[in-house]
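[1] Quick one: sequence plus predicted model below, questions after.
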Amino acid sequence: MTDDLPVVIGVLNVTPDSFSDGGLYEDLSAAVEHGVLLYQQGAQYVDVGGESTRPGATRVDADVEIERIVPVIAALHAAGVPTSVDTTRAAVASAALDAGAAIINDVSGGLADPAMLAVAASAGCPYVIMHWRGHSASMQELATYTDVVADVRAELSARIDAALDAGVDASSIIIDPGLGFAKTATHNWALSRALPSFVGLGYPVLFAASRKSYLGLLLDGRPAPQRDVATAATSVLAAQAGVWGVRVHDVQATVDALKVWREWIE
Ligand SMILES: Nc1nc2ncc(COP(=O)(O)O)nc2c(=O)[nH]1
């Protein structure tokens with residue numbers, strides 16, 4: 001939280017195939033320009049990703065991820081823009097930290113790469129543990145739960161314990177319910193409504209609904225770039241639920257909406 005507003009993390013995907021902004025920022029100068037814009041609009045961090053996590057996306061090698069994101073992170077660092085690295089790979093996280101990234105945003109919560117927890121532990125940096133059940137290709141078949149809120153809480157808690165056992169400091173851990181990752185729209189709404197119970201786990205919660213398909217469904221199939229007003233609404237509701245931060249593509253819309261929320265609850 002910064003002056004009682006949630007932290008806003010701006011999304012910068014340096015990929016050809018991310019679901020809502022793929023291909024827009026593959027060029028270094030375009031990526032850096034957009035990252036600086038997001039920071040100027042009020043993002044406390046810019047989340048730089050080099051591998052699409054969309055359902056069905058094909059994986060890229062670590063060296064491709066590194067090639068894509070390290071120059072961007074280094075340039076944003078030089079420009080005074082704090083960044084997080086969106087990766088499931090330890091080698092990519094290490095390279096990003098060396099280039100100046102401040103946060104590891106690991107959508108797999110340490111499951112995808114056994115070496116990741118040790119990297120997060122030794123770096124001592126904030127480490128985002130998102131609920132995840134497998135890589136993009138298979139994840140929607142994995143969307144089966146007895147009670148999605150209870151199951152996600154339990155599985156996240158297991159990842160928190162694994163991180164603590166690996167030496168990650170409790171004060172470094174941020175958790176994220178992972179909307180859209182092995183979740184249906186119904187699951188996403190249930191998890192959104194249950195955000196206070198995730199806040200109750202005692203770790204800062206990152207909420208990342210931005211432009212996701214469950215919002216598209218609600219908006220009669222509207223394409224991803226036209227879901228930013230709905231995203232800003234989720235940012236306010238997440239703030240109301242007590243989250244630490246929100247991860248969004250349209251920073252301006254969310255910052256404006258959160259300012260309204262702050263005045264309203266004064
Ligand atoms: N912590 C976190 N990171 C993420 N990274 C990518 C995407 C999906 O792709 P996008 O980069 O286009 O939003 N979603 C999440 C998320 O829900 N939580």
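    Nice, I can see it. Numbering: from 1, shown residues only.
[2] CA only for contacts and neighbour counts going forward, please
    OK.
[3] Can you report how many residues lie near the residue in the stretch 51-200 of the chain positioned nearest to the ligand?
    Ranked by CA to the nearest ligand atom, the top residue of the stretch 51-200 of the chain for proximity to the ligand is G178, at 4.5 Å. Using other CA atoms under 10 Å, G178 has 23 neighbouring residues.
[4] And for A208?
    Residue neighbour count, defined by other CA under 10 Å, stands at 25 for A208.
[5] Could you tell me how many residues sit around the closest residue to it other than its chain neighbours?
    Residue nearest to A208 in three dimensions, not counting chain neighbours: R247, with 4.8 Å by CA to CA, 6 or more residues apart in numbering. By the criterion of other CA under 10 Å, R247 has 23 neighbours.
[6] ok, what's across the strand from the residue nearest to G109 when sequence neighbours are not counted?
    Closest residue to G109 apart from its sequence neighbours, by CA to CA, 6+ apart: I129 at 4.1 Å. Beta-bridge pairing of I129 under DSSP bridges involves D106, I175.
[7] Let me see the contact set for I129.
    105-110, 156, 159-160, 173-176 (CA atoms under 8 Å, 6 or more residues apart in numbering).
[8] Could you verify that R222 is part of a helix?
    No. Counting by DSSP: H, G, I helix; E, B strand; the rest coil, R222 is not part of a helix but coil.
[9] so who does it touch?
    R222 neighbours (CA under 8 Å, 6+ apart): G216.
[10] Over to G49?
    Contact analysis of G49 by CA under 8 Å, 6+ apart lists 12-15, 65, 69, 85-87.
[11] Get me the contact residues on the protein for the ligand.
    18-20, 53-54, 105, 107, 130, 176, 178-179, 208 (CA under 6 Å from any ligand atom).
[12] so where's the stretch 101-250 of the chain shaky on pLDDT?
    136-139 (pLDDT under 70).
[13] Recalculate using a threshold of 90.
    Within the stretch 101-250 of the chain, the stretches with pLDDT under 90 are 135-141.
[14] with the contacts of G49 in mind, which one is nearest to V255?
    L12 (16.6 Å; CA to CA).
[15] The closest one: how many residues sit nearby?
    30.
[16] so what's the closest residue to it other than its chain neighbours up against?
    Leaving aside its sequence neighbours, L12 sits nearest to V48 (CA to CA, 6+ apart; 4.9 Å). Residues counted as contacts of V48 (CA under 8 Å, 6+ apart) are 11-14, 69, 72-73, 83-86.
[17] Mind checking what secondary structure V48 has?
    Quick answer, by three-state DSSP: V48 is strand.
[18] same for the longest strand seen in the chain, what does it pack against?
    Ordering each strand of the chain by length in residues (DSSP state E) puts strand 7-13 first. Under the contact definition 3 or more CA pairs under 8 Å, 6 or more residues apart in numbering; DSSP states H and E, strand 7-13 sits against helix 28-40, strand 45-49, strand 245-248, helix 251-265.
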